[in-house]
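# Sequence and computational prediction follow.
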Amino acid sequence: MDDTSRTAPPSPAVAALARERLAGLATPAGALGRVGEVGAWLAAVQGEVPPRPLDDVRLVVLAGDHGVARHGVSAYPAAVTEAMVRTIVAGRAGVSALAAAHGVTVSVLDVAVDADLSDLPAHVTAHKLRRGSGAIHLEDALTRAECDDALALGSALARDHVADGAQLLMTGDLGIGNTTPAAALVAALLGVSADEVTGRGTGIDDEGWTRKRDVVAAALARVGDRAADPAEALAALGSADLAVTAGFQAEASRLGVPVLLDGVVSVACALVAEALAPGASAWWVAGHRSTEPAQSLALASLGLEPLLDLGMRLGEGSGAVAALPVLRSGVAVMRDVALLSEVLPS
């Protein structure tokens, strides 16, 4: 990989100043743990010591249906996707409650829901790419041209939010069956088996897990060596909503805006985004550890340790939103804790 194609990292000089301030706080060395570490990281990605308060945090929930949902990989029918888009628009979803509690602006976009949502506000459906994505064990999820369009849409959405003043970005996923393509992408990019990446998603039983595992294995066998190319893997094994997410994450990093990652879908897309834009992961922090094994494998590959481990598997960006107070705590200690040099007698 040509070094000139890498995503520029946060300023090493500012990162060093942030670590110096953290070490100089009037607290025992290391006593602030991950809270102190994430505060120093935020200073580095903001290019400012101490970091600014996180006043403008935005979550973009990307909704889409998946052909595999018709093949017994989920505990719920595909119709739930449409219903949950409407619930988020109404402000009544799980992530809606968390976002309201933590001051996060939420937008939900129908990029590939297999339903007519034209009665919802125009901004919800303005970026629709197609109705559903292909069943990945039988066909490609997208054509390569559709995948490129989805990546470009994700980039454009990130640019719009950054231009509008967003300080911290998150993506949320919404789509029955979406942990199946996420698991397949992680398996393809890391070269591991379907058994290692397949989780229980919405809570499937043993028979459902076996069907899901077999779908992932069949998809990997169908695609073969094409999966070595991250964009080809995304088109063959992903979906429209996952491709938009990867484009969004990569572009946010290129623009120097931090991203708080969510669960397995978010992190699977991050794995693709890192392959497409090497170095992008320096701009990300992992919000929580989900119950999906593919997420843990992808996090380890990216070198990210999640802030929370609460057994969450809701999706929608909920785990990222739940982790936001940890980031704000990091900002607070970096800004407001006295330096040891200020409190010791001279």
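Arrived safely.
# switch to C-alpha atoms for all contacts and neighbour counts from now on
OK.
# State the distance from the residue nearest to the spatial centre of the chain to residue 83.
Central residue of the chain (CA atoms, centre = their mean): residue 266, 2.8 Å from the mean position. Distance from residue 266 to residue 83, counting by CA to CA, to the nearest Å: 21 Å.
# in a helix, that's where the residue nearest to the centre of the chain is, yeah?
Yes. The assignment for residue 266 (DSSP: H, G, I helix; E, B strand; the rest coil) places it in a helix.
# can you tell me which residues contact it?
Neighbouring residues of residue 266 by CA atoms under 8 Å, 6 or more residues apart in numbering: 171-173, 245.
# give me the number of residues near residue 160?
12 (other CA atoms under 10 Å).
# What's the mean pLDDT across the helix or strand hosting it?
Using DSSP states H and E, residue 160 sits within helix 144-163. For helix 144-163, mean pLDDT is 98.
# same for it, what does it pack against?
Secondary-structure packing of helix 144-163 (3 or more CA pairs under 8 Å, 6 or more residues apart in numbering; DSSP states H and E): helix 230-237, helix 240-254.
# still on that earlier bit, which of the contacts of residue 266 ranks first by neighbour count?
Counting by other CA under 10 Å, top hit in those: residue 245 with 34 neighbours.
# hang on, it packs against residue 62?
Yes. The pair residue 245 / residue 62 is scored as a contact, 7.3 Å apart, by CA atoms under 8 Å.
# Straight-line length of stretch 64-71, end to end?
Note: stretch 64-71 ends 16 Å apart using CA to CA.
# what does it rub up against?
Residues outside stretch 64-71 that contact it (CA under 8 Å, 6+ apart) are 77-78, 81, 110-114, 131-137, 174-178, 180, 211, 215, 239-241.
# Which ChimeraX command selects the buried ones in those?
To isolate the buried ones among the contacts of stretch 64-71 in ChimeraX, judged by 16 or more other CA atoms under 10 Å, type:
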select :78,81,110,111,112,113,114,131,132,133,134,135,136,137,174,175,176,177,178,180,211,215,239,240,241
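# what about the strands in the stretch 201-346 of the chain?
Assigned by DSSP state E, counting those that start in this stretch, the strands in the stretch 201-346 of the chain fall at 259-261, 284-286.
# Run the chain-centre distance for the first one.
Using CA atoms, centre = their mean, to the nearest Å, the distance from the centre of strand 259-261 to the centre of the chain it belongs to is 6 Å.
# Tell me which other helices or strands it touches.
Contacts defined by 3+ CA pairs under 8 Å, 6+ apart place strand 259-261 against strand 168-174, helix 240-254, strand 284-286.
# Make JSON lines from the ones you listed and add distance to residue 328 and mean pLDDT to it.
Shown next, in JSON lines, are those (distance: least, CA to CA, whole Å; pLDDT from 0 to 100):
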{"stretch": "strand 168-174", "distance to residue 328": "11", "mean pLDDT": "97"}
{"stretch": "helix 240-254", "distance to residue 328": "20", "mean pLDDT": "98"}
{"stretch": "strand 284-286", "distance to residue 328": "13", "mean pLDDT": "98"}
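# Find residues that contact each of residue 245 and residue 62.
Jointly contacting residue 245 and residue 62 under the rule CA under 8 Å, 6+ apart are residue 171.
# thinking again about what came up before, ok, which of the helices and strands packed on helix 144-163 comes nearest residue 331?
Closest approach to residue 331 among those (CA to CA): helix 240-254, 20.1 Å.
# Would you mind writing the CA trace of the closest one as CSV?
The C-alpha trace of helix 240-254 is given here as CSV (Å, rounded to 0.1, in the frame of the first residue of the first chain):
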residue,chain,number,x,y,z
ALA,A,240,-26.7,-1.2,0.5
ASP,A,241,-27.0,0.0,4.1
LEU,A,242,-23.7,-1.6,5.1
ALA,A,243,-21.9,-0.1,2.1
VAL,A,244,-23.3,3.4,3.0
THR,A,245,-22.0,2.9,6.5
ALA,A,246,-18.5,2.0,5.4
GLY,A,247,-18.4,5.0,3.1
PHE,A,248,-19.6,7.2,6.0
GLN,A,249,-16.9,5.9,8.4
ALA,A,250,-14.1,6.2,5.9
GLU,A,251,-15.0,9.8,4.9
ALA,A,252,-15.4,11.0,8.5
SER,A,253,-11.8,9.8,9.1
ARG,A,254,-10.5,11.5,6.0
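# low-scoring stretches of the stretch 1-150 of the chain, by residue?
1-5 (pLDDT under 70).
# Show me the helices in it, by range?
Remark: helices assigned in the stretch 1-150 of the chain by DSSP state H, counting those that start in this stretch are 12-24, 33-46, 79-89, 94-102, 122-125, 144-163.
# list the buried ones in the helix or strand containing residue 183?
Per DSSP H and E, residue 183 falls inside helix 179-190. For helix 179-190, the neighbour count (16+ other CA under 10 Å) marks 179-189 as buried.
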